[in-house]
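Novice: Got a predicted model here, sequence first, then my questions.
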Amino acid sequence: MADDFPKNLIEFTRRFADPEACTLYLMDLRWPAGFVCPRCGDGKGWPTARGTVFCARCERQTSPTAGTILHRRHVPVSSWFLAMWLACTQKTGLSAAGLQRELGLGSYRTAGLMLQKLRQAMVRLQRERLQGVVQVDETYIGGEEIQEGVRGRQLVGKALVVMAVELEGKKIGRVRLRHIPTASAKDLSGFVGDVVQAGATVHTDGWHGYSQLAMAGFRHRVTRVSDKDGKAITTFPQIHLVASLLKRWLLGTHHGKVGPKHLQRYLDEFTFRFNRRRSAHLGKVFHRLAEQLVVHRAQ
């Protein structure tokens, strides 16, 4: 099943032309080692015309989407598959208006909810932490970067995002992003502890919010710089590039209209896309997203 994914749009449309093919694909993703009935544990069953699996022992019918993000969906599974394909193959991503137009949905709200669920699935469960040398810094989303009378990391009409960038020599590896309420030691150290492997080298500026990293088991490298003298971008070029790409993506795809309530989901989508930028097959990205849809529990 690892290589069982469509390689291009022609293969995708041929393979998933009907809902039954989509359902069978989800069954293989949810039960890669074969069907196991959640009620009796028996492994003998067969698909039904309703898109469920009928257990030969207890006669229970189980949907491959039961309890998952797609549980009790109101949009056909074939439309979900097309939404996934578009989300993975369109370079700049999808907006709710764009998805509504592509799928012919009658409701903008339905398109928005579908995208939020897809963004939820883009966060892989039990994903590996960043290793080696990791740059960590914050950036602001919305509002002006510098406002008169505002000092330090204070927020005025802006959202604060902390970023971690894994380095591969001078190149950028994987990234992690999180919307945080403050630039306090609690929020910053908590983020680093969640996404970076203990023992890794964490390179930051001199902000006091990072002062507890050494005590938390990281090799903390500090370079004191200031945006005013222009040294920050030359000292931390990789993380500044990620911040620039993030803002450009939010502005270009979503016109910068991302409120704090849903910001983290957009950050998750950017992370998903960025970390798979080198994938040889977009179909494999689609496969991984479909896989996560049946792994994540409904919320």
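Specialist: Looks like it arrived, so ask away. Residues are numbered from 1 along each chain as shown.

Novice: Please enumerate the strands of the stretch 1-150 of the chain.
Specialist: 45-47, 53-55, 61-62, 133-141 (DSSP state E, counting those that start in this stretch).

Novice: ok, the helix or strand just after the last one: who's next to it in the sheet?
Specialist: Past strand 133-141, further along toward the C-terminus, the next helix or strand under DSSP states H and E is strand 159-168. Strand 159-168 has the following strand partners under DSSP bridges: strand 133-141 (antiparallel), strand 171-180 (antiparallel).

Novice: which of those sits most buried?
Specialist: Mean neighbour counts were taken over those using mean count of other Cβ atoms under 10 Å, and the top value, a mean of 22, falls to strand 133-141. All C-beta spots, glycine's among them, are computed from the backbone N, C-alpha and C.

Novice: Now residue 170: closest residue in space, sequence neighbours ignored.
Specialist: Closest residue in space to residue 170, ignoring its immediate chain neighbours: residue 238 at 7.6 Å, by Cβ to Cβ, 6 or more residues apart in numbering.

Novice: ditto for residue 180
Specialist: Spatial nearest neighbour of residue 180, excluding adjacent residues (Cβ to Cβ, 6+ apart): residue 187 at 4.3 Å.

Novice: Model confidence score at that neighbour, please.
Specialist: If you check residue 187, the pLDDT there is 97.

Novice: so it touches residue 179, yeah?
Specialist: No. Under the criterion of Cβ atoms under 8 Å, residue 187 lies out of contact with residue 179, with a separation of 10.1 Å.

Novice: remind me which residues of this protein are low pLDDT?
Specialist: Residues of the chain meeting the criterion pLDDT under 70: 1-3, 143-157, 227-230, 254-257, 298-299.

Novice: neighbours around the residue nearest to residue 180, how many?
Specialist: Here the count is done by other Cβ atoms under 10 Å, and residue 187 has 17 residues near it.

Novice: what about it, distance to residue 23?
Specialist: 42 Å (Cβ to Cβ, to the nearest Å).

Novice: for residue 15, same thing?
Specialist: Distance, residue 15 to residue 23, by Cβ to Cβ: 13 Å.

Novice: which of the two has more neighbours?
Specialist: residue 23 (20 against 15).

Novice: For the spatially closest residue to the more buried one that is not a sequence neighbour, list the residues it contacts.
Specialist: Of all residues beyond its chain neighbours, the one nearest residue 23 is residue 51 (4.3 Å), with distances taken as Cβ to Cβ, 6+ apart. Residues near residue 51 by Cβ atoms under 8 Å, 6 or more residues apart in numbering: 19-20, 23, 63-64, 77.

Novice: Looking at neighbours, which among those residues is most surrounded?
Specialist: By neighbour count, taken as other Cβ under 10 Å, the most surrounded of the contacts of residue 51 turns out to be residue 64 (24 neighbours).

Novice: follow-up on the earlier one: would you turn the strands paired with strand 159-168 into JSON lines with distance to residue 94?
Specialist: Compiled in JSON lines, the strands paired with strand 159-168 are given as follows (distance: least, Cβ to Cβ, whole Å):
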{"stretch": "strand 133-141", "distance to residue 94": "19"}
{"stretch": "strand 171-180", "distance to residue 94": "19"}
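
Novice: quick revisit: tell me which helix or strand the residue nearest to residue 180 sits in.
Specialist: Element membership for residue 187, per DSSP H and E: helix 185-195.

Novice: And the next helix or strand past the longest helix along the chain?
Specialist: For the chain, the helix reaching the highest residue count under DSSP state H is reported as helix 237-254. Proceeding N to C from helix 237-254, the next assigned helix or strand is helix 263-275, under DSSP H and E.

Novice: Just the angle for the helix or strand just after that next one relative to helix 263-275, thanks.
Specialist: Elements were assigned by DSSP H and E; along the chain past helix 263-275, the next helix or strand is helix 282-293. Compare the direction of helix 282-293 with that of helix 263-275 by axes from the mean of the first three to the mean of the last three Cα atoms, to 10 degrees and you get 140 degrees.

Novice: now what about helix 282-293, what contacts it?
Specialist: Contacts of helix 282-293 with the rest of the structure, by Cβ under 8 Å, 6+ apart, involve 4-8, 11-12, 25-26, 29, 65, 68-70, 80-81, 84-85, 87-89, 117-118, 121-125, 272, 276, 279.

Novice: ok, residue 100 touching residue 108?
Specialist: Yes. Here residue 100 reaches residue 108: they are 5.4 Å apart, a contact under Cβ under 8 Å.
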